[in-house]
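Chemist: Dropping the sequence and predicted coords here.
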Amino acid sequence: MIINKKVTFIMLFIFAVGLCSGAFFEIYMEGSGKTQLMDIISGLFSGSPSGSFFSIFWNSFRTWLIMLLIIFVVPYVPPFAVICPFLPMIKGLTLGFSATMLVETFGIKGSWYIISTILPQNLLQIPILCMLIGLSMSKTTKKTLHSDARLYLTYYGGGALLIFISCLLEAFLMQFSL
């Protein structure tokens, strides 16, 4: 069992489309909604951290746990494969929107925030997300899945462990950002 490289690259492309779409959505957003979001972000930067290390970690990991479970069951429940392209798309949309909002609100300071607290964990999370989707979509027949179950669990467990570590990194970096 190997990771389906074609699916992995397609998922990376879908992520990139989501990233650009999120940025364009923020740029073309107008009115009081945009002003309110900028005020909320300004308030977050002026206050103290919004939670403990554990609460920040759990908020991030809980989302990833749901995504990991969906991706994990794809070989066993193939109709769940329909959900997989939406995961990198939504991740890209949120990152593109957030990054653009931070730069527009804070300029250079917003860029520093992106580099210091958003980029590090996402350099791990995005490729792993796309590779795990490629792995789960590489074998969908019961015969091959049964013979390669140990290998699938090993690869998947390694990816899930890296996601766990990236969520710890995110919680650590968030403690010093606000």
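Modeler: The structure has been received and is ready for your questions.
Chemist: Give me the neighbour count for the closest residue to L12 other than its chain neighbours.
Modeler: Distances taken as CB to CB, 6 or more residues apart in numbering put C130 closest to L12, at 5.0 Å, once the chain neighbours are dropped. Yep, even glycine has a C-beta here, placed from its N, CA and C like the rest. Around C130 there are 24 other residues, counting by other CB atoms under 10 Å.
Chemist: which ones are touching C130?
Modeler: Contacts here follow CB atoms under 8 Å, 6 or more residues apart in numbering; on that basis C130 touches T8, F9, M11, L12, F15, P88.
Chemist: so the fifth one sits right up against F86, yeah?
Modeler: Put plainly, it is F15. No. Using CB atoms under 8 Å, F15 is not in contact with F86; the gap is 11.1 Å.
Chemist: Neighbour count: these two, which is higher?
Modeler: Legend: neighbour count by other CB under 10 Å for F15 and F86, higher for F15 (25 against 14).
Chemist: Tell me how far that one lies from Q121.
Modeler: 15 Å (CB to CB, to the nearest Å).
Chemist: Specify the local secondary structure of E30.
Modeler: Secondary structure, DSSP: H, G, I helix; E, B strand; the rest coil: E30 is coil.
Chemist: And it, its phi and psi?
Modeler: phi -130, psi 170 (degrees, to the nearest 10).
Chemist: what number of residues lie near it?
Modeler: 8.
Chemist: can you pull the contacts of it?
Modeler: By CB under 8 Å, 6+ apart, E30 has no neighbours at all.
Chemist: Pull out the buried positions in the helix or strand that contains A99.
Modeler: Using DSSP states H and E, A99 maps to helix 86-106. Buried residues in helix 86-106, defined by neighbour count with 16 or more other CB atoms under 10 Å: 87-93, 95-106.
Chemist: same check, this time on stretch 2-13
Modeler: Buried, per 16+ other CB under 10 Å, within stretch 2-13: I3, N4, V7, T8, I10, M11, L12.
Chemist: What are the contacting residues of it?
Modeler: With CB under 8 Å, 6+ apart, stretch 2-13 has contacts from 84-85, 88, 126-127, 129-131, 133-135, 137-138, 155.
Chemist: where's F53 relative to L162, distance?
Modeler: 19 Å.
Chemist: related to what we said a few turns ago, so which of the contacts of C130 are in helices?
Modeler: If you go by DSSP state H, the contacts of C130 have T8, F9, M11, L12, F15, P88 in helices.
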